[in-house]
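Asks: got a predicted structure plus its sequence, pasted below:
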Number of protein chains: 4
Amino acid sequence: MPPRSGCSGRAGRRRISGIVVRVVEMKTQTRKRVGILGATGLVGQRVIHMLRDHPQFEVTALAASDRSEGRTFVDACNWKLPFDMPEAVKGMILGPCAPPLDCDLVIASLPSDKAVESEAAFAAAGYPVISNSSAYRMHPDVPLVVPEINPDHLDLIPVQKRLRGYDRGYMVTNPNCTTIALVLALAPLDRAFGLEAVMVTSMQAVTGAGYPGVASIDIIDNVMPYIGGEEEKVETEPQKILGRLTGEVIEDAPFKVSAQCNRVPVQDGHLESVRVKLRRAASPEEVVDALQSFRGLPQELRLYSAPERPVVVRFEKDRPQPRLDRDAENGMATVVGRIARDTVLDYKLTLIGHNTIRGAAGAALLNAELLLARNLI
Amino acid sequence: MPPRSGCSGRAGRRRISGIVVRVVEMKTQTRKRVGILGATGLVGQRVIHMLRDHPQFEVTALAASDRSEGRTFVDACNWKLPFDMPEAVKGMILGPCAPPLDCDLVIASLPSDKAVESEAAFAAAGYPVISNSSAYRMHPDVPLVVPEINPDHLDLIPVQKRLRGYDRGYMVTNPNCTTIALVLALAPLDRAFGLEAVMVTSMQAVTGAGYPGVASIDIIDNVMPYIGGEEEKVETEPQKILGRLTGEVIEDAPFKVSAQCNRVPVQDGHLESVRVKLRRAASPEEVVDALQSFRGLPQELRLYSAPERPVVVRFEKDRPQPRLDRDAENGMATVVGRIARDTVLDYKLTLIGHNTIRGAAGAALLNAELLLARNLI
Amino acid sequence: MPPRSGCSGRAGRRRISGIVVRVVEMKTQTRKRVGILGATGLVGQRVIHMLRDHPQFEVTALAASDRSEGRTFVDACNWKLPFDMPEAVKGMILGPCAPPLDCDLVIASLPSDKAVESEAAFAAAGYPVISNSSAYRMHPDVPLVVPEINPDHLDLIPVQKRLRGYDRGYMVTNPNCTTIALVLALAPLDRAFGLEAVMVTSMQAVTGAGYPGVASIDIIDNVMPYIGGEEEKVETEPQKILGRLTGEVIEDAPFKVSAQCNRVPVQDGHLESVRVKLRRAASPEEVVDALQSFRGLPQELRLYSAPERPVVVRFEKDRPQPRLDRDAENGMATVVGRIARDTVLDYKLTLIGHNTIRGAAGAALLNAELLLARNLI
Amino acid sequence: MPPRSGCSGRAGRRRISGIVVRVVEMKTQTRKRVGILGATGLVGQRVIHMLRDHPQFEVTALAASDRSEGRTFVDACNWKLPFDMPEAVKGMILGPCAPPLDCDLVIASLPSDKAVESEAAFAAAGYPVISNSSAYRMHPDVPLVVPEINPDHLDLIPVQKRLRGYDRGYMVTNPNCTTIALVLALAPLDRAFGLEAVMVTSMQAVTGAGYPGVASIDIIDNVMPYIGGEEEKVETEPQKILGRLTGEVIEDAPFKVSAQCNRVPVQDGHLESVRVKLRRAASPEEVVDALQSFRGLPQELRLYSAPERPVVVRFEKDRPQPRLDRDAENGMATVVGRIARDTVLDYKLTLIGHNTIRGAAGAALLNAELLLARNLI
């Protein structure tokens, strides 16, 4: 299959009356071949959708649970995105979540219990594994990477290879969906003022639980004040992400996080009410400025999926809202609003991130793009 | 109209096969006559419903905005409760929200801007005014009363009468609906361990905004991270309620409250994620015990609308939930769950209270019952 | 366990200030002992709740799927009703859905595939089986009974016993939840004017699908235009219910039903947009009168769970609504509104019934009460 | 302001790694200048968004109610779309809904009572008026146009001009949002088989009621079985649209429509359960083929906003759904599914259309494009 570009696909779909549009493409590289583990899940579907016209990657292999194995994707997948399933994947036969797969790298979106074995097997078999699961996130030799924040943690890869006896393969993880929306806002504050404590109360979308996930009886006219394992993740992942890699060890950032996680009747977008205690005094203008001016390596490298602004600040009194703000920057930004001094800690603010885009599929993809840019794939 | 009892009405509605039930009633007092200001609003409707078979009060006058004045209640009121409108009020003619009204006391559920003038006018005209509005809550001479917590604050009434030149009338207020659910849980903690700081993130029901209130476009598949004036109320009212009346002055309780208030797609019941910092160390068992054993004057006096347990503690990992817990103790309790040590402050917990029952109509009613028990009506 | 009455339980929960209430009970019969199959499901929970203080029945045995067998009810059941689980059932050990069970009759709320074997086994073992499932509804020798409409169909029981070789046991079924709300309105129209055709478009609540049932991703900000098997049931059950029992055979009523079934984001209450073609001309007043005046044997016998009015007619332009009308007559009535002449057929109307009360648990219970009244238990 | 193209705007927003994209534009016409009446409403916002990079039209004037007049758009408009407000309109000053306005044509999305006077005034003042309101839809001399179906009805324009004494101005209307989704599916059936009767039960989104529109209390966990005036529109508009223009008169198509309209908790997309009675027999394959092959003048002329397929047929058992199908063909198609023989009429099917795109803003825009293509602007 010859490489295509995202742009030609788009332009081709529009009829432009009375205007001539010519798209000239120059292929500069061969696309890397991606295998998707957990392809039939909500995050797997998002990955497939985001890769439908990606200039650097193409989907060449799909894998899912035993039940789906051997069926075509179109037959096995209960497609839940409001876009048509890409033609290219419809006829692909689902393989098992075990090596070998016909691909250069693997993007894995598996339940944690399945991920433990599957991801390690792929890494051992020589595949770069980019994982959405929590299975290895907190292992000391596994990078937990948000490209705007800690791309240098990828230097753990050689350590990991040596410790685990991997040859060409390795594992890189991205954080929990609630964590990632949060740390994008925490990172600039930590750099500018130092963080001492963080309190977050989340109102999370139902897509965060996968499919079928939350029973509708539990969420219509209701809020579920409990999400299994979520608070523990949000209370520990940020310190690793914002930690410093010294030699072969990541030293956790020295702040505490308190999390209370709730599920609300929203399709997409995790909203978070946040308070922070800073180490140095900061004016509201300085806080806003730190957030708005935040840029990282993906922006510098102009990675394909990178948001122009990783953190978008809104000043309306009633923003951000899930419905209006989850898709900002194609769903790859954290949108922050309602920044104000807090009566107990220093500042309070409200933020939102798209849980299946920036919180999962897009996070993995941006990591893949970063790894490619650093010649690690 | 002869006094009726709540029980006879109930028993009368059920057919009991093969069992003889005889209800013997003994009238022991004449019922006080209540005028309801803001009768057509959601809270006014709740008050009317809760008084439909009250042994001590009966509705004798209804008042509403200019637009409704002069119409019958059944004609003017867009009844929104899932119970039939009581027959007794259907034909009542709505009066203006100004004295005189044919009643012994007034229960007012008016928008704050209307309440300023109307409530003072009724008090000046000799009526006890029990108010749900924020108009006078924070005035130093106006009691802001939760009967389980600070019934002694009613001792401000003579002060208020003197300062404002009232003869027989006076104003007593109840807190904001988010505050009241919160303080019922804070009070036992403050008494037992002393409070130093409170952080609350609310997920509030749409009925809290009255009718028509929140536009459905703003709340379906969405959360609104802003409720006008709400955070300010929640950050200041608890300290007055838990304050100490010394001489003629209430000294605010010495703790800080931080509030972030959100609106979620829920009909009834404000859910709150709370953290507290205590002045004295407490074990989880002590915290649970303080909450569970909490009782106040309404329980001691066995007031008609008083919940048996003002604070109900649940131990399931996913409780309290709005749908399952808002009606606990007939909607008059705060239900607390998910009590755990917090990483930043001392404890975290989740609580819920029914915003239009305990948070408004029931709060006013319980105050009325308390005032009656103390011979202030 | 000594028999209790519903009323004493209620009265005991209320404190009545200043009024003396004495409840004098006279036991007139021993309560029948009920076993509940599918006790942990949503309908099973409703049955348990509705039997909590029933004067004629008491729960003595609970059974559920293999997974739950041997556990206590409180431990195995994910209780989803907004009332506390009755104390009496908490400690009961769940048995298998196979005889024997310690009870006089069985109320079964099993998935259809499980019901086929289980219900027949209980009937063969001598138990009267009252079933919510579709397994045997359309069998010619099994009564499909709505007590207000076709109590005479119980005369099939001896036929069934003979044909199936049952001794004391037998099976009686109630209709699908959408059907039952519908036929309560169809019956009076059929009797008064004759039905020629019925078209119904349903908007069904999520509790109709059991637990976990519909995934929240499929229903938030969405409608599902498909419910497996539902349209077929609604298109065939009414004709049997309204059919005539002649000798040993039910002759279907001679009208056609067209059904389009949709799932909407509502907890309880199936709303139905209905048009009917009548055999005889009828004025709107006659239609209203036929519906309002409808009464049946349960009303005549004053059965414990019978609604006073099986059909409630409302005249407001925007009723019935699920939230406001599903609980009419304790959830045991069909509420009809928006009655108007139709441009294509003769009349159109909108109706609602509570799907887990009148549509399932209450339907079974009313059948049990009818069977008891007819000395069939 | 120089003309821009939609494509350059799009391409400019994407960073394409490793690929060179050059967009060459050739301006072939000057864009027509559009004034928007009701600019701050939900439909007005959609029109503005859809015109943000339109090759043939540009927004040059905005008008709204008295309250907003004289304010900038960014200041007066409560923007409710999940896209950023176009920069070009932010600073525009809102004018009154009365001529003159600085534009070549007017797209009006006003409440019907305002539209009566305002639209006629603009037409009389020489402006082509393209209207979403119901004010003039059913006037015999006013075309009610769906470009795929009855573009020839534009021949009423000279009649209208003569009768009303207009010089250059005139009024063209598009149907109610529920009607338009419906008639796109009815037209091919009527052409192929003849329609005799249509029954539609709608489940409509809340955006159909404008802002603030439906109160959230009325729609959370609820369905509203009534939408003022809606059934009357749906029962009469289709016959005019599918009618034949003979001389100066439109003869209504000879079929009856029965409508029952409900509001459901959905943001966008009106779902409709439909049955039809045909004049000639048709197999299911013929029905599907008639729907799928339907094309009209907009497709032939390749109008900018025209969907490639005005009717999309889906074959999955649970489609169409609002969440998944409302945006098909950029929200400009009717998506039909669940086509099956009906037991009472001939066929039943379920369809959906995006109510504020194809049902309003996009309908007006497509009419504008048609008028331009026919040199009527």
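Replies: Arrived safely. All values reported here derive from a predicted model rather than from experimental measurement. Numbering: from 1, shown residues only, chains lettered A, B, ... in the order given.

Asks: the helices in the stretch 251-377 of chain A, which residues?
Replies: Along the stretch 251-377 of chain A, counting by DSSP state H, counting those that start in this stretch, helices occupy A:284-292, A:297-300, A:322-325, A:362-373.

Asks: pipe those into CSV and attach mean pLDDT, mean neighbour count and distance to chain C per row.
Replies: (Glycine included, C-beta is placed from N, CA and C.) Below are the helices of the stretch 251-377 of chain A laid out as CSV (pLDDT from 0 to 100; neighbours: other Cβ atoms under 10 Å in any protein chain shown; distance: least, Cβ to the nearest Cβ, whole Å):
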stretch, mean pLDDT, mean neighbour count, distance to chain C
helix A:284-292, 98, 17, 30
helix A:297-300, 98, 17, 29
helix A:322-325, 98, 26, 9
helix A:362-373, 98, 25, 19
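
Asks: so which of the ones you listed gets nearest C:N132?
Replies: When these are compared by Cβ to Cβ, helix A:322-325 sits nearest C:N132, at 38.2 Å.

Asks: give me the secondary structure label for the closest residue to A:L271 other than its chain neighbours.
Replies: Once flanking residues are discounted, A:L271 sits nearest to A:M203: 4.4 Å by Cβ to Cβ, 6 or more residues apart in numbering or on different chains. Three-state call for A:M203 (DSSP: H, G, I helix; E, B strand; the rest coil): strand.

Asks: right, and A:M203 touches A:P265 too?
Replies: No: counting by Cβ atoms under 8 Å, A:M203 stays clear of A:P265, with 9.8 Å between them.

Asks: shared neighbours, those two?
Replies: Residues touching both A:M203 and A:P265 (Cβ atoms under 8 Å, 6 or more residues apart in numbering or on different chains) are A:223, B:264.

Asks: more neighbours: which of the two?
Replies: A:P265 (32 against 27; other Cβ atoms under 10 Å in any protein chain shown).

Asks: please report how far the more buried one lies from D:I220.
Replies: The gap separating A:P265 from D:I220 is 9 Å, by Cβ to Cβ, to the nearest Å.

Asks: can you list residues touching both of those two?
Replies: With contacts taken as Cβ under 8 Å, 6+ apart, the residues that reach both A:P265 and D:I220 are A:221, B:265-266.

Asks: can you redo these as TSV with pLDDT?
Replies: Formatted as TSV, the shared contacts of A:P265 and D:I220 follow (pLDDT from 0 to 100):
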residue	pLDDT
A:D221	98
B:P265	98
B:V266	98
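
Asks: closest to C:P86 out of the residues you listed?
Replies: When the shared contacts of A:P265 and D:I220 are compared against C:P86 (criterion: Cβ to Cβ), the nearest one is A:D221, at 23.9 Å.

Asks: tally of neighbours for A:A281?
Replies: Neighbours of A:A281 (other Cβ under 10 Å): 8.

Asks: make that A:D167, sorry
Replies: 10.

Asks: so it is in which element?
Replies: Using DSSP states H and E, A:D167 sits within no helix or strand.

Asks: which parts of the longest helix anywhere in chain A are buried?
Replies: The single longest helix within chain A, with elements called by DSSP state H, is helix A:177-193. Across helix A:177-193, burial judged by 16 or more other Cβ atoms under 10 Å in any protein chain shown covers A:177-190, A:192-193.

Asks: chain neighbours aside, what residue packs nearest to A:A135?
Replies: Nearest residue to A:A135 in three dimensions, chain neighbours excluded: A:A115, at 3.9 Å (Cβ to Cβ, 6+ apart).

Asks: residues contacting the one you found?
Replies: A:A115 touches A:108, A:131, A:133-136, counting by Cβ under 8 Å, 6+ apart.

Asks: hmm, 7 Å instead?
Replies: A:108, A:131, A:133, A:135 (Cβ atoms under 7 Å, 6 or more residues apart in numbering or on different chains).

Asks: before we move on, the earlier item: of the helices of the stretch 251-377 of chain A, which is nearest B:S273?
Replies: helix A:322-325 (17.4 Å).

Asks: and the closest one with chain D, contact?
Replies: Yes: under the criterion of Cβ under 7 Å from any Cβ of the partner chain, chain D is reached by helix A:322-325 at A:323-324.

Asks: with only the CA atoms kept, save that helix in CSV.
Replies: Provided in CSV are the C-alpha atoms of helix A:322-325 (Å, rounded to 0.1, in the frame of the first residue of the first chain):
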residue,chain,number,x,y,z
PRO,A,322,-16.8,19.3,28.5
ARG,A,323,-19.1,19.9,25.5
LEU,A,324,-17.4,23.1,24.4
ASP,A,325,-13.8,22.6,25.2
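
Asks: do that helix and chain B meet at all?
Replies: Yes: for helix A:322-325, a contact with chain B is found by Cβ under 7 Å from any Cβ, at A:322-323.

Asks: tell me which residues are up against that helix.
Replies: A:205, A:266, A:268-269, A:271, A:319, A:335, A:352, B:221-223, D:82.

Asks: how near is A:V335 to A:A282?
Replies: Relative to A:A282, and taking Cβ to Cβ, A:V335 is found at 20 Å.

Asks: which of these two has more neighbours?
Replies: Per other Cβ under 10 Å, whichever of A:V335 and A:A282 has more neighbours is A:V335, with 29 against 19.

Asks: the more buried one contacts A:I352, doesn't it?
Replies: Yes: the criterion here is Cβ atoms under 7 Å, and A:V335 meets it with A:I352 at 5.2 Å.

Asks: between those two, what contacts are shared?
Replies: In contact with both A:V335 and A:I352: A:320, A:325, using Cβ under 7 Å, 6+ apart.

Asks: how about the nearest residue to the residue nearest the centre of chain A, chain neighbours excluded?
Replies: In chain A, the C-alpha nearest the mean C-alpha coordinate belongs to A:A363, at 2.4 Å (Cα atoms, centre = their mean). Ranked by Cβ to Cβ, 6+ apart and with sequence neighbours excluded, the top spatial neighbour of A:A363 is A:N174, at 3.8 Å.

Asks: with just CA atoms, put stretch A:338-355 into CSV.
Replies: Output of stretch A:338-355 as CSV, limited to C-alpha atoms (Å, rounded to 0.1, in the frame of the first residue of the first chain):
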residue,chain,number,x,y,z
ARG,A,338,-11.6,29.9,36.4
ILE,A,339,-8.1,30.6,37.7
ALA,A,340,-8.5,32.4,41.1
ARG,A,341,-6.8,32.6,44.4
ASP,A,342,-7.8,29.9,46.8
THR,A,343,-8.8,30.5,50.4
VAL,A,344,-6.9,27.4,51.7
LEU,A,345,-4.2,26.6,49.2
ASP,A,346,-2.8,29.2,46.8
TYR,A,347,-4.8,28.9,43.5
LYS,A,348,-7.8,27.1,42.3
LEU,A,349,-8.7,26.4,38.7
THR,A,350,-10.8,24.1,36.5
LEU,A,351,-9.4,22.1,33.6
ILE,A,352,-10.5,19.7,31.0
GLY,A,353,-8.8,17.2,28.7
HIS,A,354,-10.2,14.8,26.2
ASN,A,355,-9.9,11.5,27.8
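
Asks: and that stretch, does that touch chain B?
Replies: Yes: judged by Cβ under 7 Å from any Cβ, stretch A:338-355 comes into contact with chain B at A:338, A:342-344, A:348, A:350.

Asks: can you check stretch A:302-317 too?
Replies: Yes: Stretch A:302-317 is in contact with chain B by Cβ under 7 Å from any Cβ, via A:K317.

Asks: CA atoms only for that stretch, dumped as CSV, please.
Replies: The C-alpha coordinates for stretch A:302-317 follow below in CSV (Å, rounded to 0.1, in the frame of the first residue of the first chain):
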residue,chain,number,x,y,z
ARG,A,302,6.4,20.3,15.1
LEU,A,303,5.3,16.8,15.7
TYR,A,304,2.3,15.9,13.6
SER,A,305,-0.2,15.4,16.4
ALA,A,306,1.2,18.0,18.7
PRO,A,307,-1.2,20.8,19.7
GLU,A,308,0.0,24.2,18.9
ARG,A,309,-0.8,25.2,22.5
PRO,A,310,-0.6,22.3,25.0
VAL,A,311,-2.4,24.4,27.5
VAL,A,312,-5.3,26.7,26.5
VAL,A,313,-6.4,29.3,29.0
ARG,A,314,-10.0,30.6,28.8
PHE,A,315,-11.2,33.7,30.6
GLU,A,316,-15.0,33.3,30.5
LYS,A,317,-16.5,32.8,33.9
